[in-house]
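Peer 1: I would like the atomic coordinates for the input below:
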Amino acid sequence: MTAIQAYIKTIRLDPKGTPHYFLFLGHAYRCLKRYEEAIEEYQKALDREPNHLFSHVHLAATYGLNGNIEMAHAEAEAVPRINPDFSLNILAKNMHHTRQKKSAS
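Peer 2: Numbers count the residues shown, from 1 in each chain. Model prediction:
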């Protein structure tokens, strides 16, 4: 089962679940460069929770990747409204796959 199939199944089994289901499904589509589908899933996450910070962040990034710079900027404007202290460092700290393992001394 692929990640996309797993997230779709999860959403089907728990249709009132967390916006994270749609966020992660959006990530899976974005990794495959299926930007339109990723945008659709990030929008669904925001339908669930309009102030979901990371859905706005990833939606803005995906609009940018898809070449829609105007929508990327419009979406990015929501971020400081939701969290004025947001930074790319905060994003990096929350993206577990970007963390480097500490070397053993």
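Peer 1: any weak-confidence spans in this structure?
Peer 2: Scanning the chain for pLDDT under 70 picks out 95-105.
Peer 1: and the helix or strand containing residue 47, which residues are buried?
Peer 2: With elements taken from DSSP states H and E, the one containing residue 47 is helix 35-48. Buried residues in helix 35-48, counting neighbours by 16 or more other CB atoms under 10 Å, are found at 35, 37-39, 41-42, 44-46, 48. Backbone N, C-alpha and C define where each C-beta goes, glycine included.
Peer 1: Quick one: name whatever helix or strand follows it.
Peer 2: Next helix or strand after helix 35-48 toward the C-terminus (DSSP H and E): helix 53-65.
Peer 1: Just give me the neighbour total for the residue nearest to residue 41 when sequence neighbours are not counted.
Peer 2: For residue 41, ignoring the flanking residues on the chain, the nearest one in space by CB to CB, 6 or more residues apart in numbering is residue 26 at 3.6 Å. Residue 26 is flanked by 26 other residues according to other CB atoms under 10 Å.
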